[in-house]
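A.B. asks: Just to be clear, the model below is a prediction. Sequence and coordinates:
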Protein chains: 2
Amino acid sequence: MKKITIGDAARKSGVKVPTIRYYESIGLLVPPDRSEGNQRCYEPSDLRRLSFIRHARELGFDIDAIRTLLTLQDDPHQSCASADGIAKARLIEVEQRIRSLTALKGELELMVEGCGHGRVEQCRVIEVLADHSQCAHVHH
Amino acid sequence: MKKITIGDAARKSGVKVPTIRYYESIGLLVPPDRSEGNQRCYEPSDLRRLSFIRHARELGFDIDAIRTLLTLQDDPHQSCASADGIAKARLIEVEQRIRSLTALKGELELMVEGCGHGRVEQCRVIEVLADHSQCAHVHH
DNA sequence: CTAGCACCTCTAGTCACTAGAGTGATGTAG
DNA sequence: CTACATCACTCTAGTGACTAGAGGTGCTAG
């Protein structure tokens, strides 16, 4: 029986060793069997679960959402309405974040294009930050 | 002499009371004079500094960058090269973040459009997360 | 005076990790 | 077998920018 150590699991799943321990500590992973030397022995199914978690994290789902998604995966007869809801909520968040970052980008561009004159007293960056009439929230 | 309390400062600057205390604790704000009852008494210049900080935070500058920007503002004869650098670095970050969020958006949209069929066993969200060949990093 | 709200300090928590100290286990070369 | 390098273990605390709450004091309007 070839045991899969935590280092193996990390390399195969792309999730770091301490992060794997962290996920175990918060219950996303079931604690695996241990060797005589007290080392973790993972199964291939554990690795699949790790990759699922990693993929979900990359998409920006938070730990609680992932917990829910994993529960759904463990029971394929459940309604997938909540998976649907979780993904849609995340999509809306991402769209919103893109919008606000795009607005930020505009402000930063305006700020930067007037900069580089040499002295703070004529510095567009400092000027804009100090000028409350240009506060982002006023624009909204 | 009309004293400006921390609550006044919070309302005028848009920065929360505990956050103002936090900024004082990390040195972004000079501790103001106190009343006989030990309450903070702010000056209008303190409020201007708070608004500067708030505006910079809204633009996503981190605390250390803001510290630098404030130092520059306090000495208008300094070269503004570092303000320029800070703003440009932030602009690049924002552009990058927009790009990665846009890619995420695409993946989420693909995921969501195949969902809503009722059961987890046919759930596109779960399917995609469980399918490592669709891991975002593989696409890159 | 009293009640209610604002103020104070201090401690710890949030979220998702990350780092490091101190120790033990394992594998391999000599 | 021994030494050494690397990997594993647990535990504690830190990261960044806040945020929350406990327990107490100050202030003001009625």
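C.D. replies: Now that the structure is in, tell me what you want to look at.

A.B. asks: can you give me the mean pLDDT across the longest helix seen in chain A?
C.D. replies: Ranked by residue count, the top helix of chain A under DSSP state H comes out as helix A:81-113. Averaging pLDDT along helix A:81-113 yields 93.

A.B. asks: So which other helices or strands are in contact with it?
C.D. replies: Judged by 3 or more Cβ pairs under 8 Å, 6 or more residues apart in numbering or on different chains; DSSP states H and E, helix A:81-113 is in contact with helix A:63-74, helix A:124-130, helix A:136-139, helix B:81-113, helix B:124-130. For the C-beta atoms, the positions are set from N, CA and C on the backbone; glycine is no exception.

A.B. asks: Mind putting the ones you listed into CSV with mean neighbour count and distance to B:Ser13?
C.D. replies: Listed next are the helices and strands packed on helix A:81-113 as CSV, based on neighbours: other Cβ atoms under 10 Å in any protein chain shown; distance: least, Cβ to Cβ, whole Å:
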stretch, mean neighbour count, distance to B:Ser13
helix A:63-74, 17, 33
helix A:124-130, 23, 13
helix A:136-139, 11, 11
helix B:81-113, 17, 21
helix B:124-130, 23, 42
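
A.B. asks: Out of the ones you listed, the one nearest B:Ile6 is which?
C.D. replies: Nearest to B:Ile6 among these is helix A:136-139; the distance by Cβ to Cβ comes to 20.4 Å.

A.B. asks: I'd like the average pLDDT over the closest one.
C.D. replies: 42.

A.B. asks: re the thing from before, wait, does the longest helix of chain A contact DNA strand D?
C.D. replies: No: Helix A:81-113 lies out of reach of DNA strand D by Cβ under 7 Å from any atom of the strand, never closer than 15.0 Å.

A.B. asks: the inter-axis angle of that helix versus helix A:63-74?
C.D. replies: Angle, helix A:81-113 to helix A:63-74, by axes from the mean of the first three to the mean of the last three Cα atoms, to 10 degrees: 150 degrees.

A.B. asks: Helix A:81-113 near DNA strand C anywhere?
C.D. replies: No: contact of helix A:81-113 with DNA strand C (Cβ under 7 Å from any atom of the strand) is absent, the minimum separation being 11.4 Å.
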